[in-house]
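A.B. asks: need a structure here:
(2 chains)
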Amino acid sequence: QQPVQSPQAVILREGEDAVINCSSSKALYSVHWYRQKHGEAPVFLMILLKGGEQKGHDKISASFNEKKQQSSLYLTASQLSYSGTYFCGTEIPQAGTALIFGKGTTLSVSS
Amino acid sequence: EAQVTQNPRYLITVTGKKLTVTCSQNMNHEYMSWYRQDPGLGLRQIYYSMNVEVTDKGDVPEGYKVSRKEKRNFPLILESPSPNQTSLYFCASALFRGDQPQHFGDGTRLSIL
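C.D. replies: Okay, the predicted model is just below:
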């Protein structure tokens, strides 16, 4: 049931772009994205609901394709502050309101 | 300041000695949840609670207990801790449901020897 994130790790220079993918084998209600910096708590970025919508948060945006049961997180013109581990969380109908997170994608941005 | 507070932040203890990790939120949130985080495994949900006196199992509930007697508090209880419960634990809360933004506490690092 755990969603699969890819890639596991990304190394970027400042200003480069990255895409992080999250896919599920089950039908999804919604997809959540969180970022966790080393030694800190995860911080909410955005939620995408059924309908294929795309949301944005500064230069970070995401899409949700419910037919393909996957979501992608787009980081544009990356900054040093983008470094951290990104988690997608999925809420699947059969699990009530439990949120199931992927294993995470570690993003390292250097100058 | 809106926050989720966990205590203790760090604990080293021995196998079999009962322990409780407290979690309290001041945002009047209905939904609360516990996760454990292990290297390479991400965040895994232990238990969650939709409301006072309503709790349900997450992905990895074995060896844990929770209670929700008041809206603001959601303690995690390890009746007989074992070394495989050594982990980083996070408490989180959301306004009504798990499909809303979750606010995480700062984490509790437990080491069971």
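A.B. asks: from what I can see residue B:70 touches residue B:52, true?
C.D. replies: Yes. Counting by CB atoms under 8 Å, residue B:52 is a contact partner of residue B:70 at 6.6 Å. To be clear about C-beta, it is placed using only N, CA and C from the backbone, and glycine gets the same treatment.
A.B. asks: separation between residue A:59 and residue A:77?
C.D. replies: For residue A:59, the distance to residue A:77 equals 5 Å [CB to CB, to the nearest Å].
A.B. asks: again with residue A:43
C.D. replies: 20 Å.
A.B. asks: circling back: so for residue B:70 and residue B:52, which sits in the more crowded spot?
C.D. replies: residue B:52 (15 against 10; other CB atoms under 10 Å in any protein chain shown).
A.B. asks: who touches that one in this structure?
C.D. replies: B:68, B:69, B:70, B:71 (CB atoms under 8 Å, 6 or more residues apart in numbering or on different chains).
A.B. asks: was I right about the second one contacting residue B:51?
C.D. replies: Going back to what we said before, that points to residue B:69. No. Look at residue B:69 against residue B:51 with CB under 8 Å: they stay out of range, at 11.6 Å.
A.B. asks: Can you pick out the residue with more neighbours from those two?
C.D. replies: Legend: neighbour count by other CB under 10 Å for residue B:69 and residue B:51, higher for residue B:51 (12 against 9).
A.B. asks: Pretty sure the more buried one sits against residue B:70.
C.D. replies: No. Using CB under 8 Å, residue B:51 is not in contact with residue B:70; the gap is 11.1 Å.
A.B. asks: give me the element residue A:77 is part of.
C.D. replies: Here residue A:77 is covered by no helix or strand, with elements defined by DSSP states H and E.
A.B. asks: how many neighbours does it have?
C.D. replies: For residue A:77, the neighbour count with other CB under 10 Å is 11.
A.B. asks: Please tell me the pLDDT value assigned to it.
C.D. replies: Reading off the confidence values, residue A:77 has pLDDT 91.
A.B. asks: Could you report the separation of it from chain B?
C.D. replies: Here residue A:77 is placed at a distance of 25 Å from chain B (CB to the nearest CB, to the nearest Å).
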